[in-house]
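> dropping the sequence and predicted coords here.
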Amino acid sequence: MNKTILITGATAGIGEASARRFAAGGWRVIGTGRRGDRLRALADDLGDAFLPLELDMRDTGALADLGKLSAPWGDIDLLLNNAGLAPPTDPLPDTDWALIETVLDTNIGGLVAITRALLPTLVERRGAIVNLASVAATYPYKGGAVYAGSKAFVRQFSLDLRCDLAGTGVRVTSIEPGMVETEFTIVRTGGDKAASDALYSNMDPMTAGDIAETIWWVATLPPHVNINTLELMPTSQSFAGFTVSRK
Ligand code: NDP
Ligand code: 8X3
């Protein structure tokens, strides 16, 4: 029997790579995102195994309707909460409120809304939820407050959801990557491709394919094994020391 995954943010990066990985593994893939042209291009590549759904994670009404998809697409076994973005690393007072609101509504509000909508199906099917948090959820860095705070929410939401789901057989995992070269930094910098290229230059960042393969591994473990949190970094990325202000 084919299994079905719903991936939020399948138009780029980790979401797109995961769509390709799960389709190659024989799963039906529902991919969402705002950019319809990207979804159509992916549908051309993946064929009948792919259902493109153009939607914005801030539209909680549309997310609630996802619980009403008819079979076979409605038989969702795995929800991959991947859609997300970060505001620039500027000081908080200098960051546009609209951008901050978009990040919180997407990374937190949309993720909770879609999870809430699909939980009855996931419980019925003894399915799984994989959430994209980040190393930023654990390790603070300058300019990261809003983004890192949103990812700390995702991490803790994942762990707490496991408590609510005890006994249902539904698995929940928080995946927490460090630097992955995708469109993430281009979006974060408001379209500065040079800044993105500089950030990932000469350091062998992880690729979207690396994370997709990790998600595939988590999803295809035997049903009695739940990975709670999984943190991964490029070998070349490490931790900063403490900052000390001196008189
Ligand atoms: P990309 O920018 O390459 O992809 C982000 C995806 O999210 C796109 O498909 C985009 O689709 C979607 N998205 C963003 N906002 C919305 C919205 N309002 N409604 C619907 N879809 C939206 O980034 P990544 O692939 O790197 O990021 C994927 C996830 O991984 C994010 O949650 C990110 O925080 C997390 N992550 C990334 C890391 C990295 O270093 N790259 C490290 C750790 C975690 P569209 O624009 O078409 O709507
Ligand atoms: C983003 C990860 O290491 O680029 O979630 O801040 S990092």
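Arrived safely, thanks for sending. Ligands and ions are numbered 1, 2, ... in the order given.
> go ahead and flag the most central residue of the chain.
Among the residues of the chain, the one closest to the centroid is N82, at 1.7 Å (C-alpha atoms, centre = their mean).
> from what I can see it touches A133, true?
No. At 10.8 Å, N82 does not count as touching A133 under the criterion of C-beta atoms under 8 Å. Placement of C-beta: from N, CA and C, glycine included.
> what's downstream of the longest helix seen in the chain, the next helix or strand?
Longest among the helix segments of the chain by residue count, using DSSP state H, is helix 145-164. Next helix or strand after helix 145-164 toward the C-terminus (DSSP states H and E): strand 171-177.
> residue contacts, the spatially closest residue to L66 that is not a sequence neighbour?
Among residues not flanking L66 along the chain, A117 sits closest, at 5.2 Å (C-beta to C-beta, 6 or more residues apart in numbering). With contact set as C-beta atoms under 8 Å, 6 or more residues apart in numbering, A117 has these partners: 63-67.
> hmm, try it at 10 Å
By C-beta atoms under 10 Å, 6 or more residues apart in numbering, the contact set of A117 is 60, 62-69, 79.
> where neighbours are concerned, which of these has the most?
Most neighbours among these, by other C-beta atoms under 10 Å: L79, with 27 neighbours.
> Three-state assignment for that residue, please.
Look at L79: counting by DSSP: H, G, I helix; E, B strand; the rest coil, its state is strand.
> that one contacts L6, correct?
Yes. Counting by C-beta atoms under 10 Å, L79 touches L6, with 5.4 Å between them.
> shared neighbours, the two?
Common neighbours of L79 and L6, counting by C-beta under 10 Å, 6+ apart, are 30, 66, 114, 118, 121-122.
> nearest to ligand 2 among those?
Ligand 2 has its nearest neighbour among the shared contacts of L79 and L6 in I114, at 19.7 Å by C-beta to the nearest ligand atom.
> for the residue in the chain that ligand 2 sits nearest to, the count of nearby residues, please.
With C-beta to the nearest ligand atom, the shortest gap between the chain and ligand 2 falls at S134, namely 3.2 Å. By other C-beta under 10 Å, 27 other residues sit near S134.
> do K3 as well
Using other C-beta under 10 Å, K3 is surrounded by 19 other residues.
> what's the closest non-adjacent residue to it?
Nearest residue to K3, sequence neighbours excluded (C-beta to C-beta, 6+ apart): D77, at 4.4 Å.
> what's the distance between that neighbour and E213?
Going from D77 to E213 by C-beta to C-beta, to the nearest Å gives 19 Å.
> out of these two, which sits in the more crowded spot?
Between D77 and E213, counting by other C-beta under 10 Å, D77 is the more crowded of the two (19 against 14).
> run through the residues of the chain sitting next to ligand 1.
Applying C-beta under 6 Å from any ligand atom, one finds that the chain approaches ligand 1 through 9-15, 33-35, 38, 56-58, 82-85, 106, 132, 134, 177, 179-180, 182-184, 187, 208.
> only the buried subset of the residues you listed, as a PyMOL command please.
To isolate the buried members of these in PyMOL, using 16 or more other C-beta atoms under 10 Å:
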select buried, resi 9+10+11+12+13+14+15+33+38+56+57+58+82+83+84+85+106+132+134+177+179+180+182+183+184+187+208
